[in-house]
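Visitor: Pasting the sequence and the predicted coordinates here, then a few questions.
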Amino acid sequence: MEKLITFAVPCYNSAAYMEHCVDTLLQGGDDIEIILVDDGSTKDDTPAICDRYAEQYPEIVRAIHQENGGHGEGVNQGIRNAQGIYYKVVDSDDWLDVDALHQVLDKLRQFVRDGKPVDLMIANYVYEHVEDNTQRAVHYRNVFPVGRVFNWKHIGRFKPGQYLLMHSVIYRTQILRDCQLELPKHTFYVDNIFVYEPLPLVRNLYYMDVDLYRYFIGRADQSVNESVMMGRVDQQLRVNYHMIDCWNLRFVAKQNKKLARYMYNYLAIMMTISSIFLTMEGSPESLGKRTQLWEYLRTVDKGLYTRMRYFAVPAATNLPTAPGRRLSVALYRIAQKIYKFN
């Protein structure tokens, strides 16, 4: 490893906004690495912008051009080529707060100097809502000890809307390689796999209470836009099935009950998201896919299915009959207004 941290920036027709992202990352200094992954862009100047940054900052920026493989393959490409001790994904329409970035990097440098690099660093992220020009920060002060190294035994309970996202995590690169993380190609929403799958390999963590990641949300073509998610529900299902398969939570519970509880709740949220969008689509085919998803969970782990099927949040999105489905959608709309998640 030659660099402190690798920032991977998957770029697909990102010319309109990617420079703001990259310019904030460049403030990190000479011991960072930025890998710009041009994911087969053809509609704008994204490939040329990647090459220009690589030429202008040859000791910091590398440009990789690949055939279109989707966001996950951009992340995979970054992991394969990373020379940083740590690894963070920054989407090309997002950016990092420069002051918070300096604080995070100073702490990572300290860990490396002391010969005690943590497996996972966590920082806050901020929803930047384009539609009403508002911000909402997501912090973890009630969940993690602040400013000290800890393990899973020391974590508290997450509130609704407070789960770890790709925006909040910085993994030690070797952790990602040790779990042989390989995200599916041509699939959106794989950031959930990126966060979830490596967790049982993490032995020590550090939480810095700074608003590092600025998550731009509200663009019409964005993957988390509701109408876009409706059209890509099969990709959401692909991610959901992957997360069911990648870990036996009973095994995880034997190692650490608090981590297993968190992963159970994370999976429950994924079941909720898949169920509600299939319910909202409402066709017999979509309702059949919803049934198949829950039946698959039952065949994999009947106890997990029983517990989750009657857990308040997933159960509320999987109600039978037309009135039940209308109630599910109404509850989703209420949560959407409260948490403004897409």
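Guide: Yep, that arrived. Residues are numbered from 1 along each chain as shown.
Visitor: Strands of the stretch 101-250 of the chain, residue ranges please.
Guide: 120-129, 134-138, 149-150, 169-172, 205-217 (DSSP state E, counting those that start in this stretch).
Visitor: which one of those has the lowest average pLDDT?
Guide: Sorting those by mean pLDDT places strand 134-138 lowest, at a mean of 91.
Visitor: Quick test: name the residue nearest the centre of this protein.
Guide: Note on the chain: the residue nearest the mean C-alpha position is Met166, at 2.8 Å, using Cα atoms, centre = their mean.
Visitor: so that residue makes contact with Asp191?
Guide: Yes - taking contacts as Cβ atoms under 8 Å, Met166 lies within contact range of Asp191: 3.8 Å. For the C-beta atoms, the positions are set from N, CA and C on the backbone; glycine is no exception.
Visitor: what touches both of those two?
Guide: Val89 (Cβ atoms under 8 Å, 6 or more residues apart in numbering).
Visitor: next one: phi and psi at Val37?
Guide: phi -100, psi 100 (degrees, to the nearest 10).
Visitor: for it, which residues make a bridge with it?
Guide: Pro10, Ile64 (DSSP bridges).
Visitor: residues in contact with it?
Guide: Neighbours of Val37 in contact, by Cβ under 8 Å, 6+ apart: 8-11, 64, 66, 74, 77-78.
Visitor: Narrow the residues you listed to those that are buried.
Guide: 8-11, 64, 74, 77-78 (16 or more other Cβ atoms under 10 Å).
Visitor: I'd like these as JSON lines, with pLDDT and distance to Lys257 appended.
Guide: Shown next, in JSON lines, are the buried ones among the contacts of Val37 (pLDDT from 0 to 100; distance: Cβ to Cβ, whole Å):
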{"residue": "Ala8", "pLDDT": "98", "distance to Lys257": "33"}
{"residue": "Val9", "pLDDT": "98", "distance to Lys257": "37"}
{"residue": "Pro10", "pLDDT": "98", "distance to Lys257": "35"}
{"residue": "Cys11", "pLDDT": "98", "distance to Lys257": "41"}
{"residue": "Ile64", "pLDDT": "98", "distance to Lys257": "41"}
{"residue": "Gly74", "pLDDT": "97", "distance to Lys257": "35"}
{"residue": "Gln77", "pLDDT": "98", "distance to Lys257": "36"}
{"residue": "Gly78", "pLDDT": "98", "distance to Lys257": "33"}
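Visitor: With respect to Arg214, which of these is nearest?
Guide: Nearest to Arg214 among these is Val9, at 13.9 Å by Cβ to Cβ.
Visitor: follow-up on the earlier one: what's the farthest-apart pair in the contacts of Val37?
Guide: Going by Cβ to Cβ, the pair spanning the contacts of Val37 furthest: Val9 and Gln66, at 13.3 Å.
Visitor: From one end of stretch 123-143 to the other, what's the distance?
Guide: 12 Å (Cα to Cα, to the nearest Å).
Visitor: That stretch: how far from the chain's middle?
Guide: 15 Å (Cα atoms, centre = their mean, to the nearest Å).
Visitor: The stretch 1-150 of the chain: helices as residue ranges?
Guide: Taking DSSP state H, counting those that start in this stretch, the helices of the stretch 1-150 of the chain run over residues 18-25, 46-56, 71-81, 98-113.
Visitor: Oh, that last question was meant for the stretch 201-342 of the chain, not what I typed.
Guide: 226-231, 233-246, 249-255, 257-281, 284-300, 302-309, 312-316, 322-339.
Visitor: right, and those - which one's nearest Phe111?
Guide: Once the helices of the stretch 201-342 of the chain are compared by Cβ to Cβ, helix 257-281 is nearest, at 21.3 Å.
Visitor: Quick check: buried residues in the closest one?
Guide: 259-280.
Visitor: So which elements touch that helix?
Guide: Packing partners of helix 257-281 (3 or more Cβ pairs under 8 Å, 6 or more residues apart in numbering; DSSP states H and E): helix 191-196, helix 226-231, helix 233-246, helix 249-255, helix 284-300, helix 302-309, helix 312-316, helix 322-339.
Visitor: Kindly recompute the last result at 7 Å.
Guide: helix 191-196, helix 226-231, helix 233-246, helix 249-255, helix 284-300, helix 312-316, helix 322-339 (3 or more Cβ pairs under 7 Å, 6 or more residues apart in numbering; DSSP states H and E).
Visitor: wait, isn't Ile217 in contact with Tyr127?
Guide: Yes - taking contacts as Cβ atoms under 7 Å, Ile217 lies within contact range of Tyr127: 5.6 Å.
Visitor: give the contact list for the residue nearest to the centre of the chain.
Guide: 89, 191, 194-195 (Cβ atoms under 7 Å, 6 or more residues apart in numbering).
Visitor: Among those, which one has the most neighbours?
Guide: The member of those surrounded by the most neighbours (other Cβ atoms under 10 Å) is Val89, with 25 neighbours in all.
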